[in-house]
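# The sequence and its predicted three-dimensional model are supplied below.
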Number of protein chains: 2
Amino acid sequence: MTRASTFIDQQRLWDHHMAIARFGATGNGGVNRQALTPEDGQARAALAGWAGERGFRLIADEAGNLFVRREGTDPDAPAILSGSHLDTQPAGGNFDGIYGVLSAFEVLEALEDGGIEHRHPIEAVVWTNEEGCRFAPGCTGSLVFSGKHQIEEFLDFTAPDGAVLRDELERTLAATPGAERRQGGIPVAGYIETHIEQGPRLESAGLTVGAVTGIQGGSSFAVTVTGIDGHAGTVPLQARRDAFRSAHGIIDALYRDLADPSDTVRFTVGRFEAHPGSPNTIPGKVIFTIDFRHPDQAFFRAKVNGMAAFCAAHAGPCEVVVQERHAGDPADFDETVVARIERIAGELEIPAMRMPSGADHDAKYMVPLCPTGMIFVPCLSGISHNEDERADAQDLAAGARVLADALLEMARG
Amino acid sequence: MTRASTFIDQQRLWDHHMAIARFGATGNGGVNRQALTPEDGQARAALAGWAGERGFRLIADEAGNLFVRREGTDPDAPAILSGSHLDTQPAGGNFDGIYGVLSAFEVLEALEDGGIEHRHPIEAVVWTNEEGCRFAPGCTGSLVFSGKHQIEEFLDFTAPDGAVLRDELERTLAATPGAERRQGGIPVAGYIETHIEQGPRLESAGLTVGAVTGIQGGSSFAVTVTGIDGHAGTVPLQARRDAFRSAHGIIDALYRDLADPSDTVRFTVGRFEAHPGSPNTIPGKVIFTIDFRHPDQAFFRAKVNGMAAFCAAHAGPCEVVVQERHAGDPADFDETVVARIERIAGELEIPAMRMPSGADHDAKYMVPLCPTGMIFVPCLSGISHNEDERADAQDLAAGARVLADALLEMARG
């Protein structure tokens, strides 16, 4: 039987990455292509153009998710989906997200080039706003597609630049005027997402493909610490209600509480603002974020549920309010999908291993809908969310070849 | 011998404060009377009016400093000066600065009421632009009077509102058209400045007067910590170059190194920015400020000179650059003046203690010119630079009584 992987074109896949990298290029090798910006729309329009050249159908839903569809032989069979996102962090790279979109599209082109038929339709999908840095939370598109949320819940959200999601979504949809409109989630028979690992494990192990077993639990908190502004020269330290020092104490206690010799815990303070922000004024208010992740369900839940009390216990003389913005339990991928990816990699002589995902991905929200899995490829030094993010053209093609054969097996089944 | 303090009029002193508080009143109990604004001119004109009613000479110099002079019996004796400033922060209070001006003027009125003569002339002085929030740096008037700077160095400075200091100074001088003009600093035989404490120590100790021993050394640093941006979910903690965590480690080490049971050290982180500032991105860059102050010259200099090396030693896997923005050594006041203030407070049965000044004041620049000291009175909860700044009429009068006797002793000597 013809293997779809035979028709994967490494150069075409690479060229598509470089073409999309122009939209939001920072001039430092990276991109700033945040969700629902004009640059997001430009990248979608480029993909729509390539889809049109190949005669694929283009479909958009109410969340701005974009689907490039290659029909199957059975008009009633549910679709097999594959994709990721094309939005980035403010100083992001050329591979995070977009690789999942372009490798899925490459599979459609490979199938077309090989004249290969399949029973189920296959759709390459662009999920809206995975990163969530302009409009939090992220994974807006996959959350709506999965039915976990309605788009109406997000429409009034406002970006730091003042833009409202409703308007930005409308403008982004207008960037692909040729797209048919489809409302809501459709029946799906399977989902595989490819992605750069965003960590150093494949590179360290000298392997090319990760058969991802699941996604660790992830949580995000916003912590507001309130004290009293004061004169930095006059108020004795013992008399202060210094919001900075209290925030420092909370974070210090968290570093100690979450210390982990196995290095499995992920704990990050990504945003930290001191107000009023004058060098000679004791801050009366501090706002910071906590990003905490762990693959073990019981450990994860215990820490998440105890976070507010823990912060309050270490706030010193200040008031503290802990807002849970997001807390998603660990999600396990489908064993048949993981095993299929592992087997196909072996057949293609691509060195692979099983591994969990440290990052959240849209795939997480597909788990309840259909057999779901992910394929990781290495990125240089594990660096991502960074303009220095790099991936190798051969590795990207290797992942796409595994994806092609896996999708075709599922679409034939 | 008649004591000048006998003639201090608590109600008159209070009424003068309330009269000046109208110029720039915010409607929230505070004032916005920034340097060289029309409100500054209005307050000067009010003072000039009161001076004219009592027959005192009014003098202005090239920096806009305003002097109200009561002549002494020896026309060749150098003047004794006392005063402060009447400009405020944008959301300032009714006592910071203006108390030093009005208590000095109250002493002149008390001497007049008591018909008391003295050998040296006594001048109540308004120093221009102490706060420095409209035209930085502050203490413009005292810096020029002291000869440390020439007014020409500041004339082209521009305020955030676009105003140029030259024009604003000219307009402000025009608000007191009756003032004689005097060029440059004059010989001075002594200087005492009264001020609200701007800290909580007198209030906590239940005391009314502080005999200020000097102004502590003050320094300001900007620290830039550089690591590598990364994904909060994927990069193991041991593999990170997390600029936030390195900044946290530096600050933690500073808190430990500067821990001081005597609570004399002042250490403040007033500004702290994490970049790129996304909740799920490991910060690759952090910028924060250090405000460090101490009254002991040797301790202050050792810490200031060692700051860059100290930060570098605690930066973990990140790079650190420490920029010294400002480092002014401590200034000690004249022991005879401090002792005189302490003794007079005792004679008047006003509870007092020696204490350093946490904030900078115009008095700092008088130290090289003549025997200099300061008198502090309490302010509610140590709050200043704030519309909620409050002081008690009895405390203000008590400080003025100590000032009156101290100035008279110096003016007779």
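Good, I have the coordinates. Numbering: from 1, shown residues only, chains lettered A, B, ... in the order given.
# Is chain B within reach of the least confident helix or strand in chain A by mean pLDDT?
When the helices and strands of chain A are compared on mean pLDDT, DSSP states H and E, strand A:230-231 comes out lowest with a mean of 88. Yes - part of strand A:230-231 sits near chain B under the criterion CB under 8 Å from any CB of the partner chain, namely A:230, A:231. Placement of C-beta: from N, CA and C, glycine included.
# Identify the residues contacting that strand?
For strand A:230-231, the surrounding residues in contact (CB atoms under 8 Å, 6 or more residues apart in numbering or on different chains) are A:240-242, A:280-282, A:284, B:198-199, B:358-359, B:382-385.
# how does it look with 7 Å?
Residues from elsewhere that reach strand A:230-231 (CB atoms under 7 Å, 6 or more residues apart in numbering or on different chains): A:240, A:282, B:198, B:358, B:359, B:384, B:385.
# Can you show me the CA trace of the top helix by length along chain A as CSV?
For chain A, the helix that runs over the most residues, judged by DSSP state H, is helix A:393-412. Listed in CSV are the C-alpha atoms of helix A:393-412, where the atom choice follows Å, rounded to 0.1, in the frame of the first residue of the first chain:
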residue,chain,number,x,y,z
ALA,A,393,14.3,21.1,8.3
GLN,A,394,15.0,17.4,8.4
ASP,A,395,13.4,17.0,11.8
LEU,A,396,10.4,18.9,10.7
ALA,A,397,10.0,16.7,7.6
ALA,A,398,10.6,13.5,9.7
GLY,A,399,7.7,14.5,12.0
ALA,A,400,5.5,15.3,9.0
ARG,A,401,6.3,11.9,7.5
VAL,A,402,5.2,10.1,10.7
LEU,A,403,2.1,12.3,10.7
ALA,A,404,1.3,11.6,7.1
ASP,A,405,1.3,7.8,7.6
ALA,A,406,-0.6,8.0,10.9
LEU,A,407,-3.3,10.3,9.5
LEU,A,408,-3.7,8.2,6.4
GLU,A,409,-4.1,5.0,8.5
MET,A,410,-6.8,6.7,10.6
ALA,A,411,-8.5,8.2,7.5
ARG,A,412,-8.6,4.8,5.9
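# so what secondary structure elements neighbour that helix?
Other elements packing on helix A:393-412 under the criterion 3 or more CB pairs under 7 Å, 6 or more residues apart in numbering or on different chains; DSSP states H and E are helix A:10-20, strand A:79-85, helix A:98-114, strand A:188-196, strand A:209-215, helix A:335-347, strand A:372-377.
# could those go into a markdown table alongside distance to chain B?
Shown next, in a markdown table, are these (distance: least, CB to the nearest CB, whole Å):
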| stretch | distance to chain B |
| --- | --- |
| helix A:10-20 | 19 |
| strand A:79-85 | 14 |
| helix A:98-114 | 14 |
| strand A:188-196 | 9 |
| strand A:209-215 | 9 |
| helix A:335-347 | 19 |
| strand A:372-377 | 10 |
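# what's the average pLDDT for the longest helix of chain A?
Mean pLDDT, helix A:393-412: 98.
# same check, this time on stretch A:334-344
Computed over stretch A:334-344, the average pLDDT equals 98.
# what does it contact?
Counting by CB under 7 Å, 6+ apart, the neighbours of stretch A:334-344 from elsewhere in the structure are A:192, A:211, A:213, A:352, A:354, A:371-373, A:375, A:402, A:405-406, A:409.
# now those residues: which count as buried?
Burial by neighbour count, judged by 16 or more other CB atoms under 10 Å in any protein chain shown, picks out A:192, A:211, A:213, A:352, A:371, A:372, A:373, A:375, A:402, A:405, A:406, A:409 from the contacts of stretch A:334-344.
# need the contact list for the third one.
Going back to what we said before, that points to residue A:213. For residue A:213, the residues meeting the contact criterion (CB under 7 Å, 6+ apart) are A:332, A:333, A:338, A:354, A:355, A:356.
# Now the buried members of these.
With neighbours counted by 16+ other CB under 10 Å, the contacts of residue A:213 contain buried members at A:333, A:338, A:355, A:356.
# Tell me which of those fall in strands.
Judged by DSSP state E, strands contain the following of these: A:355, A:356.
# For burial, what's the neighbour tally of residue A:381?
18 (other CB atoms under 10 Å in any protein chain shown).
# For the spatially closest residue to it that is not a sequence neighbour, give me the pLDDT.
Closest residue to residue A:381 in three dimensions, ignoring its sequence neighbours and counting by CB to CB, 6 or more residues apart in numbering or on different chains: residue A:200, at 6.3 Å. In this model, residue A:200 is scored at 88, pLDDT.
# And for residue A:382?
We note a pLDDT of 88 for residue A:382 in this prediction.
# Hmm, it is touching residue B:235, no?
Yes - in this structure, residue A:382 is within contact of residue B:235 by CB atoms under 7 Å, at 5.8 Å.
# More neighbours: which of the two?
Here residue A:382 and residue B:235 are set side by side on neighbour count (other CB under 10 Å), and the busier one is residue B:235, at 27 against 24.
# which residues touch that one?
With the criterion set at CB under 7 Å, 6+ apart, residue B:235 makes contact with A:199, A:382, B:282.
# Can you give the contact residues for stretch A:88-98?
Stretch A:88-98 is contacted from outside by A:17, A:20-21, A:24, A:26, A:30-34, A:84-87, A:130-131, A:133, A:196, A:198, A:379, A:384-387, A:389, A:391, B:229, B:276, B:278, B:281, using CB under 7 Å, 6+ apart.
# Mind exporting the C-alpha coordinates of that stretch to CSV?
Extracted in CSV, the C-alpha atoms of stretch A:88-98 (Å, rounded to 0.1, in the frame of the first residue of the first chain):
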residue,chain,number,x,y,z
THR,A,88,2.8,33.6,18.6
GLN,A,89,4.1,35.1,21.8
PRO,A,90,5.2,38.8,21.6
ALA,A,91,8.8,37.7,21.0
GLY,A,92,8.1,34.3,19.5
GLY,A,93,9.8,32.1,17.0
ASN,A,94,9.2,30.6,13.5
PHE,A,95,8.0,27.1,14.5
ASP,A,96,5.9,27.1,17.7
GLY,A,97,2.4,26.4,16.5
ILE,A,98,2.8,27.1,12.8
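# Make sure residue A:324 is indeed in a strand.
Yes - secondary structure of residue A:324, determined by DSSP: H, G, I helix; E, B strand; the rest coil: located in a strand.
# Can you give me the neighbour number for it?
Number of residues near residue A:324 (other CB under 10 Å) recorded here: 14.
# can you count the residues close to the nearest residue to it once chain neighbours are set aside?
Counting by CB to CB, 6+ apart, residue A:324 lies nearest to residue A:221, which is 5.6 Å off, once chain neighbours are set aside. Other residues within reach of residue A:221, judged by other CB under 10 Å, total 20.
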